[in-house]
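> Would you be able to build a 3D model of this:
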Amino acid sequence: MKSDPLLYFRTREQIAAYASMPVKDKFTWLEAQMKFFYLAMPALSKEIRDRFKADIRYLKRIGDEKA
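Numbers count the residues shown, from 1 in each chain. As a prediction, this is how the structure comes out:
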């Protein structure tokens with residue numbers, strides 16, 4: 001019997017193990033993933049990301065002043 005392929009490279013057992021993890025462990029895993037991708041990010045990408053974050057803070061500040 002042929003089963004449907006998974007959309008990413010995890011076995012059903014790995015998915016079930018992740019689903020049964022406590023939420024705190026899931027957040028710890030997610031933080032590790034975020035740190036890895038941040039450290040792997042090229043310098044130009046970090047600069048662009050920082051500009052977006054600055055723009056968002058500016059827009060939020062303007063929105064707060066108008067309210």
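> So K24: helix, strand or coil?
At K24 the chain is in helix, as set by DSSP: H, G, I helix; E, B strand; the rest coil.
> any idea how far the helix or strand A16 falls within is from the chain center?
If you go by DSSP states H and E, A16 is part of helix 12-19. Mean-position distance between helix 12-19 and its chain equals 19 Å (Cα atoms, centre = their mean, to the nearest Å).
> can you give me the helices for this protein?
Secondary structure of the chain, counting by DSSP state H: helices at 12-19, 23-40, 43-66.
> Next one: Y58 from S45, what distance?
20 Å (Cβ to Cβ, to the nearest Å). Heads up, the C-betas are built off the backbone N, CA and C, glycines and all.
> Ignore what I typed, I meant M21.
Remark: distance between M21 and S45 (Cβ to Cβ) = 30 Å.
> Present the helices of the chain as JSON lines; the columns should include mean pLDDT and mean neighbour count.
Below are the helices of the chain laid out as JSON lines (pLDDT from 0 to 100; neighbours: other Cβ atoms under 10 Å):
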{"stretch": "helix 12-19", "mean pLDDT": "89", "mean neighbour count": "10"}
{"stretch": "helix 23-40", "mean pLDDT": "92", "mean neighbour count": "10"}
{"stretch": "helix 43-66", "mean pLDDT": "88", "mean neighbour count": "10"}
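> In this protein, which residue is most central in space?
Closest to where the C-alpha atoms of the chain average out (Cα atoms, centre = their mean) is M34, at 5.7 Å.
> what does stretch 46-61 rub up against?
38, 41 (Cβ atoms under 8 Å, 6 or more residues apart in numbering).
> can you give me the offset of that stretch from its chain's centre?
17 Å.
> Put the alpha carbons of it into CSV.
The C-alpha trace of stretch 46-61 is given here as CSV (Å, rounded to 0.1, in the frame of the first residue of the first chain):
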residue,chain,number,x,y,z
LYS,A,46,20.7,41.0,8.4
GLU,A,47,21.0,44.7,7.4
ILE,A,48,17.8,44.5,5.3
ARG,A,49,16.0,42.8,8.3
ASP,A,50,17.2,45.5,10.7
ARG,A,51,15.9,48.2,8.3
PHE,A,52,12.5,46.5,8.2
LYS,A,53,12.4,46.3,12.0
ALA,A,54,13.3,50.0,12.3
ASP,A,55,10.6,50.9,9.8
ILE,A,56,8.0,48.9,11.7
ARG,A,57,9.0,50.6,15.0
TYR,A,58,8.7,54.0,13.3
LEU,A,59,5.2,53.2,11.9
LYS,A,60,4.0,51.9,15.2
ARG,A,61,5.3,55.1,17.0
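> Cool, thanks, talk later.
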